[in-house]
Structure formats: structure tokens, C-alpha cells
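Enquirer: here are the coordinates; sequence isn't available:
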């Protein structure tokens, strides 16, 4: 499962008023929170919305898609905004808080900016504002 694609469908269901179905789409990410290690600089993945691993034989996590965590948090928040279901929020809020605080606390320190600058030649190339779309559709520095 890819969280972003699953959550886009859940959002569309919420927009159509099919809130029960939307909740069922996001439930596996909450129920299986931390079931699979998260790729990146994390020491502990127990709070991360990434894996949908039921057991060794039933692992529905596809690749190391680092967007899963953010998409899941966003979708859970939006689901509440669509439904205003306080009982649902009370059930999910401990998991959401754990995900919010756990993801930032467990990061290992990033490499120094000096190392990053050496990798790409200049810190300027790493700034989002310095990228553009060319006629061929590829990206490059300005």
C-alpha cells in the first residue's frame, strides 16, 4: 500500500460524504503504526505511519516511501475536519500525538551543511527556489 494513493481515495470518499468508507481506508495505517522500519535517519520507528505489516507472511508495505508518514497524519486530520466526529478523534488522537512527537524526537542529527555543500558543489543548488522546469520537463539549477 502507498499511503498517498490510499489517502487520496479516502479524501475523495470523505468529500462525497462516505465517511465510514474513508475511515476504513486509513485504519490499517493507524492499527499497524510502527509495524515496519521507516527508511531514513530514525532510530526508532514505533511511532511512524509507514508500515502495513500484519505478520511476516502478510506485509503490504511497498518500498521505502518516505511520504507515508506525512500523508497519513494529514489525512487523519482532514478526516476529522470532514466528519467532526469527536469520538473517532478521541480514539485516534493518542496515535496521532505519538506520530507527531515520535517522528521529530527520533531523528538522528543531519549531516553538516558543509558536507552537503561539498556533495552538490554549493549550498545554492540545494535551495528549492533555485530549481526550474526546463522545456524537456527535467529539473536543473537556474
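Expert: Looks like it came in fine. Not measured: the values here are computed from a predicted model.
Enquirer: Neighbours of residue 18, how many?
Expert: Residue 18 has 14 neighbouring residues, counting by other Cβ atoms under 10 Å. For the C-beta atoms, the positions are set from N, CA and C on the backbone; glycine is no exception.
Enquirer: do the same with residue 81
Expert: Around residue 81 sit 9 other residues, with neighbours defined as other Cβ under 10 Å.
Enquirer: Ramachandran coordinates for it?
Expert: For residue 81, the backbone dihedrals (degrees, to the nearest 10) come out as phi -60, psi -40.
Enquirer: quick one: it from residue 92, how far?
Expert: Using Cβ to Cβ, to the nearest Å, one obtains 13 Å as the distance from residue 81 to residue 92.
Enquirer: what are the ranges of the strands in this protein?
Expert: Across the chain, reading from the start of the chain, the strands by DSSP state E fall at 53-55, 58-59, 131-133, 139-141.
Enquirer: which other residues reach the first one?
Expert: Residues from elsewhere that reach strand 53-55, judged by Cβ atoms under 8 Å, 6 or more residues apart in numbering: 32, 35, 36, 59, 60, 61.
Enquirer: In that strand, which residues are buried?
Expert: Judged by neighbour count (16 or more other Cβ atoms under 10 Å), strand 53-55 contains these buried residues: residue 53.
Enquirer: avg pLDDT for that strand?
Expert: Per-residue pLDDT over strand 53-55 has a mean of 84.
Enquirer: thinking again about what came up before, just among the contacts of strand 53-55, which is most surrounded?
Expert: Ranked by neighbours (other Cβ under 10 Å), those are led by residue 35, which has 21 neighbours.
Enquirer: wait, that residue sits on residue 48?
Expert: No. Proximity of residue 35 to residue 48 does not meet the contact threshold set by Cβ atoms under 8 Å, at 9.3 Å.
Enquirer: who's in contact with the lengthiest helix in the chain?
Expert: What stands out as the longest helix in the chain, according to DSSP state H, is helix 86-105. Taking contacts as Cβ under 8 Å, 6+ apart, the residues outside helix 86-105 that touch it are 23, 30, 33, 42, 44, 46-49, 69, 72-73, 76-77, 79-80.
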